[in-house]
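Enquirer: turn this into a model:
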Amino acid sequence: MKCVVVTKPGHIEIREVDIPTPGAYQALVRLEAAALCNATDSKLYAGHFPGVNDYPLVLGHETVGIVETVGSKVKNFKPGNRVVGGMLGAFSDPGLYSGWGGFSEYVLVHDHDAMVADNVANAAHGWFDACEIQNVVPEDIPAEEAVIACTWREVLGAFKDFRLAPGKKVIVFGAGPVGLSFVKLGKLFGLGQIDIVDLLPKKLDLARKMGADNVYSPQEVQSESFVSRESRSYDAVIDAVGLESIVNAGLPLIKMAGDICVYGVMTKNPTLDLTLAPYNFDLHIHQWPTRNEERAALTVLSGWIREGKLNADEFVSHRMKMDNITETFEAVKRGEVIKAILSFSEYKTLNKIIDMNLFEFGFSNELRKRIKLVAEIFNYPHFQFEMSVSSDKKLQDAIMKHDIKFYQDTLAHLKTLPDKMDRVFELSKLYKPILGKTTEELQRMQQSMENRWSR
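Expert: Predicted coordinates for the structure are as follows:
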C-alpha cells in the first residue's frame, strides 16, 4: 500500500509499505479520505513538533474509511462500517516511524469499548488514548463531513473544559480551522456574541459568513480605543493559536472571574502580565483533546449535519491527491488553506478543473447538500455529478423537490440491502422521477461505476 512519508524535515515522498494485519481488538480500514491538520502535520513535516525527533515517519491522524476485516475479539466494528480516527503506530519496516500514520491506504482502528470490557485497555496491549475516539460514524453522515468532524469534535469537546455556556460573549483570536470552528459551532451551541481576530481579511470574511458578530485585525483589538470600549466585557477569550502575546492581549478584555482559554501548545514558560488582568480569572490550557468529550461530541455534530446546519463545504478550501501533498503544505504556509481533504484515489479527488474553482456553479448550499447525498446514493463522486447537474435546470429543480431527510433515509435504506440488484431496482423505483433513469440505464450506470472503482 501507499503511504506519505516525511523522509527528513522538509522532504516528503509516497512510499510502498506492507498492508497492516489487524490484531485481536483491531479492524483494518480502507482509507476514503484524510484531512490535513494545518498545525500538527505542518510541524511534523518541518521537524518542529515537540518531542518528535525520529525520521522517516508517516504523517496523518484525521482520517475516515471503511472497515474491511475485524480481529477475533472485536465487538463494535463490522465490515462496511464507516469509521473515523484510523492510524498506524508501527510498520513492518522497523526503520519507519509513526507521526500517527493515518496518511496510508490502509489504517487500523481499535475497539476501545471491547478492550475496556476485557480489562486490556493499556499500553501492553497496544491501547493508547486516541483509541477512544476511533468510532463508527452514523451511516447517513457523508465521508467529507466525517473527516472534517475530526476537527469539529476536538473543538466542541473543549467547550466544557473552557466553561463555555449558552449566552456567553466571547472573542476568538485566530481564524484558522480551529478558530472558525469555535465560531460556527459556538453559534450552533448557543453562545451569545462571538467576535474574531485575524490578520487575513479573507479569513475574516469567511468568519462573518459562519456567524461571527464582529471581526477585527490584531491592530484594532490592541488599540487604545478598542481596549477602552471593550475592557472587562468578554466572558471568555479564546486563543486558537497558542501564543503568549495573545493571552496578554486578552487579559484586559475579560470580566471579573472570566476565562482565558488557550487551545494549542504554548512555549514552556509563558510570561503573563497580571497587571492587565482582573483580580480573579481562570486560565485554561487545552494542549490535548479531552477524549471522552471529543467522543461524545460526534453525536451532537451528526445531528447538526443531518439538520443541514453544518457541512464540510464551508470549511474545505482544497481537495487534493496525496501525490500533491507538498503543494498542499505550501498552500498552508501561504495562509490559503482552511481544511484540505486528501485522497489516494483518482476518483475521490477533485481534478485540476476543480482546483481552478470551476466547480462553483452558483448552486445554493441547499442544492449542494442534496447533490452530495444523491451522488453518494449512486456511489458516484459528487463533484462529477455536480458538473452533470450544472447544465440541467430541470434536474436541479427535481432534486430540490425532495428534502434532505428523504435522501438521508434513502441512503440508509439502500445500505441495508445486501444484493446489488435489489439496490438497482430500489433506485429505479425511487429515482426515476428525479433522474429519469430506467432500470436498464441504472444497471449500466452501476456497472460503469464499478469498473471505475476497480481500476
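Enquirer: residue farthest from the centroid of the chain?
Expert: Taking Cα atoms, centre = their mean, the residue of the chain most remote from its mean C-alpha position is residue 275, at 39.0 Å.
Enquirer: and the pLDDT for that residue?
Expert: In this model, residue 275 is scored at 93, pLDDT.
Enquirer: which SS state does it fall under?
Expert: Secondary structure for residue 275, judged by DSSP: H, G, I helix; E, B strand; the rest coil, is helix.
Enquirer: need the nearest residue in space to the residue most central in space within the chain, chain neighbours excluded.
Expert: Closest to where the C-alpha atoms of the chain average out (Cα atoms, centre = their mean) is residue 148, at 1.6 Å. Once flanking residues are discounted, residue 148 sits nearest to residue 312: 4.5 Å by Cβ to Cβ, 6 or more residues apart in numbering. From N, CA and C alone the C-beta is placed, and that goes for glycine too.
Enquirer: return the distance of the one you found relative to residue 32.
Expert: Applying Cβ to Cβ, to the nearest Å, the value for residue 312 to residue 32 is 13 Å.
Enquirer: which neighbours do the two share?
Expert: residue 147 (Cβ atoms under 8 Å, 6 or more residues apart in numbering).
Enquirer: flag the shaky bits of this protein, pLDDT-wise.
Expert: 346-365, 377-391, 415, 417-455 (pLDDT under 70).
Enquirer: how is it carved up into domains?
Expert: As given by automatic domain parsing, the domain ranges for the chain are 2-136, 155-286, 360-453.
Enquirer: out of those domains, which is closest to residue 336?
Expert: Residue 336 lies closest, by Cβ to Cβ, to one member of these: domain 155-286, at 8.6 Å.
Enquirer: end to end on the closest one, go ahead and measure it.
Expert: Separation of the first and last residues of domain 155-286 by Cα to Cα, to the nearest Å is 10 Å.
Enquirer: could you give me the buried positions within stretch 227-241?
Expert: The neighbour-count check on stretch 227-241 (16 or more other Cβ atoms under 10 Å) flags 230, 234-241 as buried.
Enquirer: element containing the residue nearest to the centre of the chain, please.
Expert: Counting by DSSP states H and E, the element that carries residue 148 is helix 143-161.
Enquirer: isn't the residue nearest to residue 148 right up against residue 150?
Expert: No. Residue 312 lies out of contact with residue 150 (Cβ atoms under 8 Å); the separation is 11.2 Å.
Enquirer: residue 286 and residue 239: what is the separation?
Expert: Residue 286 sits at a distance of 10 Å from residue 239 (criterion: Cβ to Cβ).
Enquirer: ok but residue 296 is inside a helix, no?
Expert: Yes. According to three-state DSSP, residue 296 belongs to a helix.
Enquirer: for residue 165, give its distance to residue 189.
Expert: 9 Å.
Enquirer: tell me the contacts of residue 8?
Expert: Counting by Cβ under 8 Å, 6+ apart, residue 8 touches 47, 55-56.
Enquirer: which of those residues are buried?
Expert: Buried by 16+ other Cβ under 10 Å: 55-56, out of those.
Enquirer: in strands, which of the contacts of residue 8 appear?
Expert: Judged by DSSP state E, strands contain none of these.
Enquirer: which of the contacts of residue 8 lies closest to residue 408?
Expert: When these are compared against residue 408 (criterion: Cβ to Cβ), the nearest one is residue 56, at 42.2 Å.
Enquirer: quick revisit: what's the neighbour count on the residue nearest to residue 148?
Expert: 21 (other Cβ atoms under 10 Å).
Enquirer: now the one 3 residues further on
Expert: Using other Cβ under 10 Å, the number of residues around residue 315 comes to 22.
Enquirer: can you list the buried residues in the helix holding residue 148?
Expert: Counting neighbours by 16+ other Cβ under 10 Å, one finds that the buried residues in helix 143-161 are 143-159, 161.
Enquirer: before we move on, what about stretch 268-280?
Expert: Quick answer for stretch 268-280 (16+ other Cβ under 10 Å): 276-278.
Enquirer: can I get those in TSV with distance to residue 408?
Expert: Formatted as TSV, these follow (distance: Cβ to Cβ, whole Å):
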residue	distance to residue 408
276	50
277	48
278	47
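Enquirer: quick one: the strands in the stretch 51-200 of the chain?
Expert: Here the stretch 51-200 of the chain has its strands, by DSSP state E, counting those that start in this stretch, at 57-58, 62-70, 82-84, 97-98, 106-110, 135-136, 170-173, 194-197.
Enquirer: take the ones you listed and write them to CSV, including mean neighbour count and distance to residue 404.
Expert: Below are the strands of the stretch 51-200 of the chain laid out as CSV (neighbours: other Cβ atoms under 10 Å; distance: least, Cβ to Cβ, whole Å):
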stretch, mean neighbour count, distance to residue 404
strand 57-58, 24, 37
strand 62-70, 22, 20
strand 82-84, 22, 18
strand 97-98, 19, 39
strand 106-110, 27, 29
strand 135-136, 20, 22
strand 170-173, 26, 29
strand 194-197, 26, 26
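Enquirer: now render those strands as a markdown table, adding distance to residue 300.
Expert: Shown next, in a markdown table, are the strands of the stretch 51-200 of the chain (distance: least, Cβ to Cβ, whole Å):
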| stretch | distance to residue 300 |
| --- | --- |
| strand 57-58 | 31 |
| strand 62-70 | 18 |
| strand 82-84 | 15 |
| strand 97-98 | 30 |
| strand 106-110 | 21 |
| strand 135-136 | 13 |
| strand 170-173 | 19 |
| strand 194-197 | 18 |
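Enquirer: relative to residue 26, which of those strands is closest?
Expert: Taking Cβ to Cβ, strand 106-110 is the member of these nearest to residue 26, at 4.8 Å.
Enquirer: OK, contacts around residue 115?
Expert: Residue 115 is in contact with 25, 121, 125, 127, 131, counting by Cβ under 8 Å, 6+ apart.
Enquirer: quick revisit: mind listing which of the buried residues of stretch 227-241 are in strands?
Expert: Those of those mapping onto strands are 234-239, per DSSP E.
Enquirer: from these, which is closest to residue 185?
Expert: Nearest to residue 185 among those, counting by Cβ to Cβ, is residue 238 at 11.6 Å.
Enquirer: okay, now residue 187: neighbour count?
Expert: When neighbours are counted by other Cβ under 10 Å, residue 187 registers 16.
Enquirer: so who does residue 253 touch?
Expert: By Cβ under 8 Å, 6+ apart, residue 253 lies in contact with 171, 221, 227, 230-234, 237.
Enquirer: which non-adjacent residue is nearest it?
Expert: Excluding its sequence neighbours, the residue lying closest to residue 253 (Cβ to Cβ, 6+ apart) is residue 234, at 4.8 Å.
Enquirer: so that neighbour makes contact with residue 252?
Expert: No. With contact defined as Cβ under 8 Å, residue 234 does not reach residue 252; the gap is 9.9 Å.
Enquirer: which residues does the residue nearest to residue 47 when sequence neighbours are not counted contact?
Expert: In space, residue 47 comes closest to residue 9 once its chain neighbours are excluded; the distance is 2.7 Å by Cβ to Cβ, 6+ apart. Neighbour list for residue 9: 45-48, 55 [criterion: Cβ under 8 Å, 6+ apart].
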